[in-house]
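Novice: task: produce atomic coordinates for the following.
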Amino acid sequence: MAERDCPKCPFSPMTEIQTGDLVVDECPQCKGRWFDFDELVKSVANPAAFQAVVAKGPLKPKPGEAKCPVCLENMMNGGFGSEFLRVDQCAGHGFWLDEAELRLLDKLLAS
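Specialist: Numbers count the residues shown, from 1 in each chain. Okay, the predicted model is just below:
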């Protein structure tokens, strides 16, 4: 796989890390993680609730400044399950979650 740069930290290549059964890209500087679509659903505690949130689409989406590490286009930033959690998403490739957002996502999906 080609090296991917962090969407938030300029010129910072991400490293592959093992998390459970998955290997995902993580920025060594900000600790944010890139999840391809099929990876994030396997990472959350409640996959069914996650898929329902994805089907609804982002809440109050707006163009973001973070670039997708796959296609290098600006991602959409929108509420994910709640306007409280705003996530960067590339419609064609996946999701960028800042360091604590996966835990927050699991809490929101549980409620």
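Novice: in the longest strand along the chain, what counts as buried?
Specialist: When the chain is parsed with DSSP state E, its longest strand is strand 59-67. Neighbour counts over strand 59-67 (16 or more other Cβ atoms under 10 Å) mark 64, 66-67 as buried. C-betas here are computed from N, CA, C, even on glycine.
Novice: again with stretch 79-96
Specialist: 79-81, 85-90, 93-96.
Novice: what's the mean pLDDT across it?
Specialist: Taken as a whole, stretch 79-96 has an average pLDDT of 90.
Novice: for this protein, which segments count as strands?
Specialist: With DSSP E as the criterion, the chain has strands spanning 15-19, 22-26, 33-36, 59-67, 74-79, 86-90, 94-97.
Novice: including distance to residue 107, could these go into CSV?
Specialist: Shown next, in CSV, are the strands of the chain (distance: least, Cβ to Cβ, whole Å):
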stretch, distance to residue 107
strand 15-19, 18
strand 22-26, 20
strand 33-36, 17
strand 59-67, 17
strand 74-79, 15
strand 86-90, 14
strand 94-97, 13
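Novice: out of those strands, nearest to residue 45?
Specialist: strand 15-19 (13.3 Å; Cβ to Cβ).
Novice: from the contact counts, what lies against that closest one?
Specialist: strand 22-26 (3 or more Cβ pairs under 8 Å, 6 or more residues apart in numbering; DSSP states H and E).
Novice: now the strand it packs on against strand 15-19, angle please.
Specialist: Relative orientation of strand 22-26 versus strand 15-19 (axes from the mean of the first three to the mean of the last three Cα atoms, to 10 degrees): 140 degrees.
Novice: all set, thanks.
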